[in-house]
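Chemist: Have a look at this prediction, sequence included:
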Amino acid sequence: MAAGLSRRVARAGGWALAKRLIKPIPVIGSVVAIGLAGHEVKKKGLLRGAAHVGLDLIPFVGTAKNVLEIFTGDLIPDKLPEVKYPITPPS
């Protein structure tokens, strides 16, 4: 069981690292950005996701943004998670 879990974690981490390394390559990065556009819009919201994908599509601007994000994390933050059950303070 532990081997399967660690393998899944490594695979997920490997895919995230591969995306971060492939996206800075100008032409290939644009193709990857188009392929991941729906995921980014869903994760960041319509305006932030569109801005994120739009910057990624511009060849050298997207490359600079993605290289910077490798070291600093996302420049455009994700949307806040929805609270399904709001917590109300006791009266």
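Modeler: Ah, there it is. Residues are numbered from 1 along each chain as shown.
Chemist: ok, now which ones touch residue 52?
Modeler: By Cβ atoms under 8 Å, 6 or more residues apart in numbering, the contact set of residue 52 is 40, 44, 76. Using the backbone N, CA and C atoms, a C-beta is placed for each residue, glycine as well.
Chemist: Nearest to residue 57, out of the residues you listed: which one, please.
Modeler: Nearest to residue 57 among these is residue 40, at 11.3 Å by Cβ to Cβ.
Chemist: Now a PyMOL select for only the buried ones of the contacts of residue 52.
Modeler: To isolate the buried ones among the contacts of residue 52 in PyMOL, judged by 16 or more other Cβ atoms under 10 Å, type:
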select buried, resi 40+44+76
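Chemist: Can you lay out the contacts of residue 52 as a markdown table showing distance to residue 62?
Modeler: A markdown table is the format used below for the contacts of residue 52 (distance: Cβ to Cβ, whole Å):
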| residue | distance to residue 62 |
| --- | --- |
| 40 | 12 |
| 44 | 15 |
| 76 | 12 |
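Chemist: Take the contacts of residue 52 and keep only those in helices.
Modeler: If you go by DSSP state H, these have 40, 44 in helices.
Chemist: Now render the contacts of residue 52 as JSON lines, adding pLDDT.
Modeler: Compiled in JSON lines, the contacts of residue 52 are given as follows (pLDDT from 0 to 100):
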{"residue": "40", "pLDDT": "89"}
{"residue": "44", "pLDDT": "92"}
{"residue": "76", "pLDDT": "89"}
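Chemist: Among the contacts of residue 52, find me the one that's closest to residue 28.
Modeler: Among the contacts of residue 52, residue 40 lies closest to residue 28 (Cβ to Cβ), at 16.8 Å.
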